[in-house]
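1. After the sequence you'll find the predicted model.
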Amino acid sequence: MAAADQQARYGQPAKGLLSEKVSTCTTDVIALTKQILKGSRSSELLGQAARNMVMQEDSILHSEDSLRKMSIITTHLQYQQEAIQKNVELSTNLQDQLKHLLK
């Protein structure tokens, strides 16, 4: 009976330790799962941020191209404005000359 009694006493702490180890292992698995899910979500967010950055970069390049074209158009408009102004001055001179001739 002493051997059976001693084995029962030994079995209780072993069962308790086993139960504690299983509980700890379960907690660790849950924590690992949460961390994996958090990492997966972070990866999704980083991917979305990268896609947004590429879209912004394309928009910036398109805007830069549009600004360059607008600058060229502005330069051409300035040349045209100068040419029109010279023609107005010439037409004023011609009008004055015609007035003198018609007098």
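-> Perfect, thanks for sending it. This one's a predicted model, so the numbers in the text were calculated from it and none came from an experiment.

2. what's S66 in contact with, if anything?
-> Counting by Cβ atoms under 8 Å, 6 or more residues apart in numbering, S66 makes contact with nothing. Every C-beta, even on glycine, is put in place using the N, C-alpha and C of the backbone.

3. and it, backbone torsions?
-> Reported as degrees, to the nearest 10, the phi and psi values for S66 are phi -60, psi -40.

4. From S40, how far out is it?
-> Using Cβ to Cβ, to the nearest Å, S66 is found at 39 Å from S40.

5. Let me know how buried Q78 is, in neighbour terms.
-> Counted by other Cβ atoms under 10 Å, the residues lying close to Q78 total 10.

6. K34 too?
-> By other Cβ under 10 Å, neighbour count at K34 equals 10.

7. any idea how far it lies from S40?
-> For K34 relative to S40 (Cβ to Cβ), the value is 11 Å.

8. same thing with C25?
-> C25 is 22 Å from S40, by Cβ to Cβ.

9. Check L32 too.
-> 13 Å.

10. What of S71?
-> For S71, the distance to S40 - Cβ to Cβ - is 47 Å.

11. How about L101?
-> Look at L101 and S40: by Cβ to Cβ, they are 91 Å apart.

12. ok, these two, which is more surrounded?
-> S40 (10 against 7).

13. Is that one within a helix or a strand, and which one?
-> helix 2-102 (DSSP states H and E).

14. Let me see the mean pLDDT of that helix.
-> In this model, helix 2-102 has a mean pLDDT of 85.

15. can you give me how far that helix is from the chain middle?
-> 0 Å (Cα atoms, centre = their mean, to the nearest Å).

16. tell me the contacts of S40?
-> So S40 contacts nothing (Cβ under 8 Å, 6+ apart).
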